[in-house]
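Chemist: I would like to see how this sequence folds:
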Amino acid sequence: MRVISGKWRGKKLLSLETNEIRPTTDRIKETIFNMLTTKKFGNRLLHKAIILDCFSGTGALSIEALSRGASFANIWDNSQKSIDIINQNLKTIDPSLYKVKKTNAYTPNKAQNYADIIFIDPPYENMHETPTLLTSLEHAHWIACHTLLIIESATTNLPKLNDTYTILEEKTMGNTTVTFTRKTSNNN
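Modeler: Below you'll find the model as predicted:
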């Protein structure tokens, strides 16, 4: 794994030699970030964006976003092994650009700022819990109308979204589908 583009292009990223995490492949990561730079998503969406990476694994998506101009990344995982790998991958990156937290994304702390982009890549068998996760993130003020959610799932187990979310785009690559969605209405 590596950083694909931006100021840290080519930086090698460590991964775990275990079945506990499923890192986003470079191909899928490249597709996600290519989509983020299209007019459909405002082609400057990453510039100074606040990122939330809920099931970070290795930190690859957050590091890629920071490399491409995001201003800050909140990087979460509930596995200490993942947190250790994330911290190793971030070792040479300015710590004022991120906060790594060992936490359960289903019980988030209240946000100081809404996120501009939220990466959601839970274990595929947990996709049925997507509505619970989104409700928790909404109540903790991570999600606003402008927040773009990027959900990675198995093609055979797509995320369940309630009618307050609009699917903007779905991209399937092999056994993986990436869903881009936004909240359609919000009091924010």
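Chemist: Return the per-residue confidence for Met35.
Modeler: For Met35, the pLDDT comes out at 88.
Chemist: who touches the residue nearest the centre of the chain in this structure?
Modeler: By CA atoms, centre = their mean, the chain has its centre lying nearest to Phe119, at 1.7 Å. Listed by CB atoms under 8 Å, 6 or more residues apart in numbering, the contact partners of Phe119 are Ile51, Leu52, Asp53, Cys54, Phe55, Ser56, Leu61, Ser62, Ala65, Ile150, Glu152. Bear in mind the C-beta positions are built from the backbone N, C-alpha and C, glycine included.
Chemist: Just the ones of the residues you listed in helices?
Modeler: Leu61, Ser62, Ala65 (DSSP state H).
Chemist: The residues you listed, buried ones only, as a PyMOL selection?
Modeler: Selection command for PyMOL covering only the buried members of those, criterion 16 or more other CB atoms under 10 Å:
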select buried, resi 61+62+65
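Chemist: Tell me the one of the ones in helices among the contacts of Phe119 nearest Ala111?
Modeler: Ser62 (15.6 Å; CB to CB).
Chemist: Contacts for the host helix or strand of Thr179, please.
Modeler: According to DSSP states H and E, Thr179 maps onto strand 176-183. Residues outside strand 176-183 that contact it (CB under 8 Å, 6+ apart): 25, 28, 31-32, 35, 41, 138, 143-155, 158-159, 161, 164-172.
Chemist: Any chance you could give me that strand in CSV, C-alpha atoms only?
Modeler: The C-alpha coordinates for strand 176-183 follow below in CSV (Å, rounded to 0.1, in the frame of the first residue of the first chain):
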residue,chain,number,x,y,z
THR,A,176,-16.5,-4.0,-3.7
THR,A,177,-19.0,-1.2,-4.1
VAL,A,178,-18.3,2.4,-3.0
THR,A,179,-21.4,4.5,-2.2
PHE,A,180,-21.3,8.3,-2.2
THR,A,181,-24.2,9.8,-0.3
ARG,A,182,-25.4,12.9,1.4
LYS,A,183,-28.1,13.8,3.9
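Chemist: so what strands line up beside that strand?
Modeler: According to DSSP bridges, strand 176-183 has the following sheet partners: strand 148-154 (antiparallel), strand 165-173 (antiparallel).
Chemist: Run through who's touching the last one.
Modeler: Residues external to strand 165-173 that are found in contact with it (CB under 8 Å, 6+ apart): 27-28, 31, 35, 40-41, 134, 148-149, 155, 158, 161, 177-184.
Chemist: got the CA positions of it in PDB?
Modeler: In PDB, the C-alpha atoms belonging to strand 165-173 read as follows (Å, rounded to 0.1, in the frame of the first residue of the first chain):
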ATOM      1  CA  TYR A 165     -30.000  10.100   2.600                       C
ATOM      2  CA  THR A 166     -29.600  10.500  -1.200                       C
ATOM      3  CA  ILE A 167     -27.200   8.200  -3.100                       C
ATOM      4  CA  LEU A 168     -25.200  10.500  -5.400                       C
ATOM      5  CA  GLU A 169     -23.100   7.800  -7.000                       C
ATOM      6  CA  GLU A 170     -22.300   4.100  -6.700                       C
ATOM      7  CA  LYS A 171     -19.100   2.600  -8.100                       C
ATOM      8  CA  THR A 172     -18.600  -1.200  -8.200                       C
ATOM      9  CA  MET A 173     -15.100  -2.600  -8.600                       C
END
